[in-house]
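Asker: Here's a sequence, model it:
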Amino acid sequence: MTGRSAIREHVFVLLFESLFNSAEEMEGQFSNYFDGLEKPVDDEGAAYIEDRFRKVEEKLPEIDSMIGEKSTGWKISRIGKVELSILRLAVYEIVFDDIPVGVAINEAVELAKRYGQEQAGAFVNGVLAKFADKPAD
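Answerer: Next up is the predicted model:
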């Protein structure tokens, strides 16, 4: 796993955890998360990951609205928590970051295959493919 892929995976896990914890509880979850890793992340890396997490969280209303528009026939509440966390991260990268769309989609699909149910990769790919046609800034 490359450096960016590892960072992306850490942010995904924290986004997933945030679905089960309040904002206040998440403050304590950061140190618990980093302390529990098999491969430690240095302080600089942990700060970067936490910053990325916060940037995604900050845009969640907009991100969820976009996911709702693109996931035809699926309400946000019906999307599995793993898939939703992956979609949120990928949509952030596609819309608000400088990550190439193809990279964001491929990385999201890989996370979905690794962490999601059998059809998660196809579902995530199908939703995110609708973002590939976004107009250039």
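
Asker: So what does the spatially most central residue of the chain look like in phi/psi?
Answerer: Centroid check for the chain by CA atoms, centre = their mean gives residue 89 as the closest residue, at 2.5 Å. The phi/psi pair for residue 89 (degrees, to the nearest 10) reads phi -60, psi -50.

Asker: likewise the one 10 residues further on?
Answerer: Main-chain dihedrals, residue 99, degrees, to the nearest 10: phi -70, psi 130.

Asker: Now for the chain, the helix or strand with the poorest mean pLDDT.
Answerer: Lowest mean confidence among the helices and strands of the chain (mean pLDDT, DSSP states H and E): helix 23-35, at a mean of 88.

Asker: What residues sit buried inside that helix?
Answerer: Of the residues in helix 23-35, 26, 30, 33, 34 count as buried by neighbour count, 16 or more other CB atoms under 10 Å. C-betas here are computed from N, CA, C, even on glycine.
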